[in-house]
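J.: Provided below are the primary sequence and the corresponding predicted coordinates.
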Amino acid sequence: MSDMTTKKSQAKRPLSPKRKEQSRREFLRSSVLTVGVVGVSLLGIIPVVQGTSIRLRPPGAIKTPFDEQEFFASCIKCGQCVQVCPVNAIKLADLEDGFGIGVPYIDARTQACDFSCDGLQCVLACPTGALTHHLDYPADTRMGFARLARPRACLAVQGKGFKGQARGPDYEGLLRYDEVDRWNPISVADHPYDLELCDLCVRQCPIEIRITQCAEKAKQAEASGDSGKIARVAEQHGNECPPKHAIVLEPFELPNGETRMKPVVKEGCVGCGVCEMICPVESAAIVIDLDKTTDTLGG
Amino acid sequence: MRYIRDSLSQIFGNKPRRPSKAEQPPELLEIYQGKKGNLSKADVEAVRHEHHTGCCNKWQRRRWITLILVNVLFVVSYYFDVQLLEGALTASRFVGFHMADLNSALQVALAYKHIVLNLVIGTATVFIMWLLLGGRTFCSWVCPYHLLAEWAEYLHLWLVKKKLIKNHTFNRKVRGVFYVIFALLALISGYTVFETISPTGILSRALIYGPGVALIWVGALLLFEVFYSRRAWCRYVCPIGVTYGVVGVLSPLRVKYNAEACHHEGDCRKICMVPHVLDLTVRGAAHDVNQDVGADCTRCGMCVDVCPTGSLVYEFKGLSKLL
Ligand code: SF4
Ligand code: SF4
Ligand code: SF4
Ligand code: SF4
């Protein structure tokens, strides 16, 4: 750009002292403005450096557990992922996340992703690939990894059952209960439980639900002597059978010799957060760790 | 050619070059000559009065309605889940067609250094759209910050008139500096730094997804504009405006100035958000009898509304001849 040339013509005309003073002030003001605005925009790095901007992200978010740089860079902050989620799990971060302003996150305890959209709609909606399109099925997701953080609070560990609304009558979260409505999620408060031994985290885990469904289909197919059908079922539902278990109730022995059950997180966990969301004790006995995924277990 | 060169130069903050008499066509000189001393203040006042008692603010009304409609369409699409205009102003889908704000897409491309096909499609669609509709038309007809800033501007002008505050100007070249700095920051840091403070993105998201803390920043900008510097963000900072300005250089939709009827009283320059583009209305400053206003113009139509003599009109190059 050759637009600096007009400077010369201005310089030729001698400016009056007053005009000179004016333009000096304007120059100073402009410099302060530049430094100020750029400075404010750079403040956005603080939450990133402090790590306070790290959150549970929607499926497919391109990030490694501690490095969300690529994700922040690629997300155009449009919220199209927010708009397609049938359980409204996705929210957009606010100014306190600095450079992360406008990027999607999930607050699992409030509303987890239960894959009720089947085809990972958020991933499909993303125009920039910030949610990578390489994901085909829920079981491919790597959001985090569940951990029984407060085993003593866990009802199963205490040997207790659970009766009633999982999160109380005022809780507004949604889940899809296949047996109630295959296509639409309903309010968790509208679906009370009556369990002899609490196993909500296992029972509602979308990966476990899918594994059970697949096993049933396989059994039916076998009974009818047509084992080739399973693959077709998977295709139909766009919701392939997860290869590994995510969470199971396993027995363990108390010091006094009594046998109890406790939820054990397995390699197949994708960190969707449903177990944290549904856990009826306050605060949840099971939580999602963001620094681990199935791929980086222990890392 | 001169239009393109002068437009770009203006966008990056240079003062428009005043033509010498030798550069002006004889008809124009004749027009200027003919007006000398022929118009008394009272005459100008009379024409002005007549103009203002008739209609007015036709384009402003249309523009406000359009701006509000576009933004409401986003909100309605989300709330009632009608898949009309999904997403936000940074990127969206209009009945399934990808659209991406050029500046946001640029930020992402520079920071991420990788563009997926959908973003290319979205960017191309929006580019073509504003190529036809005139680039900075985005600013005055779509950008939600523009509307708030316009109201803040009225407040500012009122306070100035009451002599309660003074307007402070900046050097217009800083906007180009900001443009380069934010592009470099995205490229070097790998973060879309500008989005952190972009009131356009913040407001669009706040409207659609609900208000947040970030609105404090937008409020601060508005206060700055009300009390310190008229229309500061759009005039001196916003890189979105620069991006669309450059697109508008090639656009056929423009505001056309005709020197013949003009009284040079400057009503247009007083209301314009980017008054440097109207410097050609000063007596002796036009290059031609008919000349297009530069591409930094937001095509808001305020000057078209206010001009008592109809010297400024919208024009769609090529089409006007057909009509
Ligand atoms: S995968 Fe489906 S349910 Fe989960 S966050 Fe994305 S859209 Fe929502
Ligand atoms: S759809 Fe993609 S680009 Fe848009 S907010 Fe969600 S993750 Fe970001
Ligand atoms: S165990 Fe893992 S996959 Fe299962 S609900 Fe919990 S977070 Fe989701
Ligand atoms: S200059 Fe920027 S903030 Fe102002 S109207 Fe244009 S896009 Fe909006």
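T.: Great, that's in hand. Source: prediction; values computed, not measured. Ligands and ions are numbered 1, 2, ... in the order given.

J.: residues in chain A within reach of ligand 1, list them.
T.: Within chain A, the positions near ligand 1 by C-beta under 6 Å from any ligand atom are A:58-59, A:84-87, A:89-90, A:113-117, A:120-122. (Glycine included, C-beta is placed from N, CA and C.)

J.: the closest residue to ligand 4 within the stretch 151-299 of chain A and B:Leu221, how far apart?
T.: Using C-beta to the nearest ligand atom, the closest approach of the stretch 151-299 of chain A to ligand 4 is made by A:Leu290 at 35.2 Å. A:Leu290 is 34 Å from B:Leu221, where distance means C-beta to C-beta, to the nearest Å.

J.: of those two, give the one with the bigger neighbour count.
T.: Set A:Leu290 next to B:Leu221 and count neighbours by other C-beta atoms under 10 Å in any protein chain shown: B:Leu221 wins out with 21 against 18.

J.: I'd say that one and B:Ser198 touch.
T.: No: applying C-beta atoms under 8 Å, one finds B:Leu221 not in contact with B:Ser198, separated by 10.5 Å.

J.: need the residues of the stretch 51-200 of chain A near ligand 2, please.
T.: Going by C-beta under 6 Å from any ligand atom, the residues of the stretch 51-200 of chain A near ligand 2 are A:75-81, A:103-104, A:125-128, A:130-131.

J.: and if we set it to 8 Å?
T.: Contact residues, the stretch 51-200 of chain A versus ligand 2 (C-beta under 8 Å from any ligand atom): A:58, A:61, A:71, A:74-82, A:90, A:92, A:102-104, A:122, A:125-131.

J.: low-confidence stretches in the chain?
T.: You didn't say which chain, so I picked chain A. By pLDDT under 70, the low-scoring segments of chain A are A:1-13, A:225-239, A:298-299.

J.: nope, chain B please
T.: Across chain B, the stretches falling below the confidence threshold (pLDDT under 70) are B:53-56, B:320-323.

J.: how far away is the residue of it found nearest ligand 3 from A:Met261?
T.: Residue of chain B nearest ligand 3, by C-beta to the nearest ligand atom: B:Tyr209 (25.0 Å). The gap separating B:Tyr209 from A:Met261 is 41 Å, by C-beta to C-beta.

J.: now the strands for the stretch 1-150 of chain A?
T.: A:90-92, A:104-106, A:145-148 (DSSP state E, counting those that start in this stretch).

J.: quick one: closest of those to ligand 4.
T.: Nearest of the strands of the stretch 1-150 of chain A (C-beta to the nearest ligand atom): strand A:90-92, 19.9 Å.

J.: show me what contacts the residue of the stretch 151-299 of chain A closest to ligand 4?
T.: By C-beta atoms under 8 Å, 6 or more residues apart in numbering or on different chains, the contact list for A:Leu290 reads A:Ile54, A:Arg55, A:Leu56, A:Pro65, A:Gly144, A:Gly271.

J.: out of the residues you listed, which is nearest to ligand 3?
T.: For these, the nearest to ligand 3 is A:Gly271 (4.9 Å; C-beta to the nearest ligand atom).

J.: the closest one and A:Thr141 touch, don't they?
T.: Yes: between A:Gly271 and A:Thr141 a contact is recorded at 7.4 Å, counting by C-beta under 8 Å.

J.: would you mind telling me which of those two has the busier surroundings?
T.: Shown here are A:Gly271 and A:Thr141; by other C-beta under 10 Å, A:Gly271 has more neighbours (28 against 24).

J.: please tell me how far that one sits from A:Leu297.
T.: Distance from A:Gly271 to A:Leu297, by C-beta to C-beta: 12 Å.

J.: helix or strand: which one has A:Leu249?
T.: A:Leu249 belongs to strand A:247-253 when assigned by DSSP states H and E.

J.: and that strand with ligand 3, contact?
T.: Yes: on the criterion C-beta under 8 Å from any ligand atom, strand A:247-253 is in touch with ligand 3 at A:Ile247.

J.: sheet partners, orientation included, of the helix or strand just after that strand?
T.: Per DSSP H and E, the first helix or strand lying C-terminal to strand A:247-253 is strand A:259-265. Using DSSP bridges, the strands paired with strand A:259-265 are strand A:247-253 (antiparallel).

J.: can I get the CA coordinates of the partner strand in PDB?
T.: As requested, the backbone C-alpha atoms of strand A:247-253 are provided in PDB (Å, rounded to 0.1, in the frame of the first residue of the first chain):
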ATOM      1  CA  ILE A 247     -18.500 -48.600  33.600                       C
ATOM      2  CA  VAL A 248     -19.700 -51.700  35.500                       C
ATOM      3  CA  LEU A 249     -20.700 -52.500  39.100                       C
ATOM      4  CA  GLU A 250     -18.100 -54.800  40.600                       C
ATOM      5  CA  PRO A 251     -18.100 -56.500  44.000                       C
ATOM      6  CA  PHE A 252     -15.500 -55.700  46.500                       C
ATOM      7  CA  GLU A 253     -14.900 -56.800  50.100                       C
END
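
J.: looking at the chain, which helix is longest?
T.: Using chain A. In chain A, with assignment by DSSP state H, the single longest helix is helix A:17-42.

J.: meant chain B, my bad for not saying
T.: For chain B, the longest helix by residue count, based on DSSP H, is helix B:58-79.

J.: centre of the chain to the helix or strand that that helix is followed by, how far?
T.: Downstream of helix B:58-79, the next assigned helix or strand under DSSP H and E is strand B:85-88. Computed by C-alpha atoms, centre = their mean, to the nearest Å, the chain-centroid distance of strand B:85-88 equals 23 Å.

J.: give me the residue from the stretch 51-200 of chain A nearest ligand 3.
T.: Relative to ligand 3, the nearest point of the stretch 51-200 of chain A is A:Ala146 (4.0 Å; C-beta to the nearest ligand atom).

J.: find the residue closest to residue 23 in space, skipping its chain neighbours.
T.: Picked chain A for this. A:Leu15 (7.0 Å; C-beta to C-beta, 6 or more residues apart in numbering or on different chains).

J.: wrong chain, I was asking about chain B
T.: In space, B:Glu23 is closest to B:His287, 6.8 Å off (C-beta to C-beta, 6+ apart).

J.: you'd agree A:Asp107 is up against A:Lys91?
T.: Yes: using C-beta under 8 Å, A:Asp107 makes contact with A:Lys91 at a distance of 6.6 Å.

J.: these two: who's more crowded?
T.: Neighbours per residue (other C-beta under 10 Å) separate A:Asp107 from A:Lys91, with A:Lys91 holding more: 20 against 15.

J.: would the helix or strand hosting B:Leu159 count as contacting ligand 4?
T.: Using DSSP H and E, B:Leu159 falls within helix B:144-161. Yes: counting by C-beta under 8 Å from any ligand atom, ligand 4 is contacted by helix B:144-161 at B:Pro144, B:Tyr145, B:His146, B:Ala149.

J.: tell me which residues in that helix are buried?
T.: Under the neighbour-count criterion of 16 or more other C-beta atoms under 10 Å in any protein chain shown, helix B:144-161 has B:Pro144, B:Tyr145, B:His146, B:Leu147, B:Leu148, B:Ala149, B:Glu150, B:Ala152, B:Glu153, B:His156, B:Leu157 buried.

J.: do stretch A:31-45 as well
T.: For stretch A:31-45, a neighbour-count test (16+ other C-beta under 10 Å) marks A:Leu33, A:Thr34, A:Val37, A:Val38, A:Ser41, A:Leu42, A:Gly44, A:Ile45 as buried.

J.: what's B:Gly87 in contact with, if anything?
T.: With C-beta under 8 Å, 6+ apart, B:Gly87 has these contacts: A:Cys78, A:Gly79, A:Gln80, A:Gln83, A:Pro127, B:Phe74, B:Arg93, B:Met99.
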